[in-house]
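sequence and predicted structure below; questions after.
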Amino acid sequence: MKVILPAKTRGGVQQMARGLCQIMGREISKGNFNTNIRQMTPRGTLQLPWSINSVRTMAVLPWPFSFQPRDFSLPNSSWGSDMRRLYEHYNSQCEVETDDGEKKWGVWRRLPSYNRSLKYATGGVYLSKIIQSKARLFTRNIRAQGAGFEYVVFVNKQEQKCVCVFQAGHLLEGPPGHVHGGAIATMIDTVTGTHATYLSGPVMTANLNINYRSPISLGSTVLLTCSLDKKEGRKTFVSCQVTNTDSSKLHTEATGLFLSITMGHLLGG
Ligand SMILES: CCCCCCCCCC(=O)SCCNC(=O)CCNC(=O)[C@H](O)C(C)(C)COP(=O)(O)OP(=O)(O)OC[C@H]1O[C@@H](n2cnc3c(N)ncnc32)[C@H](O)[C@@H]1OP(=O)(O)O
């Protein structure tokens with residue numbers, strides 16, 4: 001049986017689980033991560049600190065000890081008709097049924113929210129295990145559904161392309177009735193960064209160039225379409241267009257340079 005708890009209760013359960021970790025003798029702290037992740041075995045696999053393994057174990061324990069983080073990229077009641085329609089359009093191509101009724105991966109893949117996405121990136125699996133229970137992109141921190149960044153990302157590995165369906169909530173206001181340029185830049189950085197991560201493993205944005213062509217109305221849904229321009233050593237070049245939902249109007253265009261980083265760089269080593 002699957003029990004879906006209201007957000008408040010889930011928070012309580014998470015706190016309780018954290019409390020249990022503490023009672024059991026260790027709190028998961030950044031220092032704790034840093035010390036332990038440097039312990040590499042000769043084969044290059046990580047010796048995870050016991051606290052992380054405990055957290056992972058708890059993620060598969062039955063309720064009330066399980067605290068699988070919420071996937072923010074799934075539809076919720078704030079999603080408008082455009083958002084839902086485009087979600088269905090891409091989601092229906094994530095899994096396809098063959099003639100003999102077998103289910104297979106389609107050309108698109110929906111990326112879940114959180115740093116769970118990192119596991120799809122080359123070499124990202126260990127990083128994912130370490131940070132997924134701690135980190136959350138700030139775009140997901142506005143609790144009221146529909147008030148901030150509502151979005152879902154789909155990637156197409158074959159075409160080295162990715163799309164994001166984004167509905168901008170009222171808290172993202174810049175010019176009256178329209179989305180703030182910084183909020184648009186945030187989404188561009190997030191989606192191009194996600195795409196670069198998917199293609200190249202852990203990266204950081206080194207350069208982002210943005211041209212704003214036409215304003216985006218608050219509450220509207222737009223499409224961010226990203227493609228790989230080229231890869232050169234540690235550099236991944238990605239471009240991005242923000243358009244209305246039928247791609248007939250260009251709102252914003254951007255190019256980004258992402259540099260592959262080591263785990264040490266990301267964790268301040
Ligand atoms: C699933 C997960 C989804 C995640 C999505 C969210 C994505 C969010 C992404 C972000 O917002 S990351 C946060 C914003 N970015 C930063 O804070 C990065 C700060 N900068 C750095 O940490 C370093 O400058 C950086 C890692 C980008 C590069 O430092 P390095 O020491 O690794 O590289 P280095 O400076 O040696 O440069 C390597 C090459 O890149 C080139 N380069 C570096 N920065 C550049 C730049 N800004 N423009 C053009 N080229 C640049 C540099 O010239 C050189 O070229 P060559 O090899 O050809 O000589």
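Received, thanks. Source: prediction; values computed, not measured.

hang on, isn't Asn244 packed against Thr252?
No - with contact defined as C-beta atoms under 8 Å, Asn244 and Thr252 do not form a contacting pair (11.3 Å). Yep, even glycine has a C-beta here, placed from its N, CA and C like the rest.

quickly find the element holding the residue in the stretch 51-200 of the chain positioned nearest to the ligand.
Of all residues in the stretch 51-200 of the chain, Gly193 sits closest to the ligand, with a separation of 2.5 Å (C-beta to the nearest ligand atom). Element membership of Gly193, judged by DSSP states H and E, is helix 181-200.

let's see that helix as PDB, backbone CA atoms only.
Extracted as PDB, the C-alpha positions of helix 181-200 are listed here (Å, rounded to 0.1, in the frame of the first residue of the first chain):
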ATOM      1  CA  GLY A 181      14.900  38.400 -16.500                       C
ATOM      2  CA  GLY A 182      16.800  36.800 -13.700                       C
ATOM      3  CA  ALA A 183      14.100  34.100 -13.300                       C
ATOM      4  CA  ILE A 184      14.400  33.400 -17.000                       C
ATOM      5  CA  ALA A 185      18.200  33.200 -16.700                       C
ATOM      6  CA  THR A 186      17.800  30.900 -13.800                       C
ATOM      7  CA  MET A 187      15.700  28.500 -15.900                       C
ATOM      8  CA  ILE A 188      18.100  28.700 -18.800                       C
ATOM      9  CA  ASP A 189      21.100  28.000 -16.500                       C
ATOM     10  CA  THR A 190      19.200  25.100 -14.900                       C
ATOM     11  CA  VAL A 191      18.100  23.500 -18.100                       C
ATOM     12  CA  THR A 192      21.300  24.000 -20.100                       C
ATOM     13  CA  GLY A 193      23.200  22.900 -17.000                       C
ATOM     14  CA  THR A 194      21.100  19.800 -16.700                       C
ATOM     15  CA  HIS A 195      21.600  19.000 -20.400                       C
ATOM     16  CA  ALA A 196      25.300  19.500 -20.100                       C
ATOM     17  CA  THR A 197      25.400  17.300 -17.000                       C
ATOM     18  CA  TYR A 198      23.400  14.600 -18.800                       C
ATOM     19  CA  LEU A 199      25.800  14.700 -21.700                       C
ATOM     20  CA  SER A 200      29.100  15.200 -19.900                       C
END
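
return the residues of the stretch 151-269 of the chain in contact with the ligand.
By the rule C-beta under 6 Å from any ligand atom, the part of the stretch 151-269 of the chain lying against the ligand is 189-190, 193-194, 197, 204-207, 235, 257, 259, 261.

could you rerun that using 5 Å?
Proximity of the stretch 151-269 of the chain to the ligand, by C-beta under 5 Å from any ligand atom, involves residues 189-190, 193-194, 197, 204-207, 259.

what ranges of this protein fall below the confidence cut-off?
Within the chain, the stretches falling below the threshold (pLDDT under 70) are 1-69, 114-135, 266-269.

show me it divided up by domain.
With automatic domain parsing serving as the domain definition, the record reports that the chain contains domains spanning 7-60, 81-266.

is it possible to get TSV of the residues of the stretch 151-269 of the chain next to the ligand that adds neighbour count?
Formatted as TSV, these follow (neighbours: other C-beta atoms under 10 Å):
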residue	neighbour count
Asp189	18
Thr190	20
Gly193	20
Thr194	23
Thr197	24
Met204	13
Thr205	16
Ala206	13
Asn207	11
Leu259	17
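
quick one: which of these is nearest Val222?
Within those, the smallest distance to Val222 is 13.6 Å, found for Thr190 (C-beta to C-beta).

where exactly do the strands run in this protein?
Listed in chain order, the strands of the chain (DSSP state E) span 95-97, 103-105, 109-111, 149-156, 161-168, 203-212, 221-232, 235-243, 250-260.

contacting residues around the first one?
In other words, strand 95-97. 103-106 (C-beta atoms under 8 Å, 6 or more residues apart in numbering).

equivalent analysis for the last one, please.
Strand 250-260 has contacts (C-beta under 8 Å, 6+ apart) with 184-185, 188-189, 192-193, 196-197, 200-216, 222, 229, 234-244.
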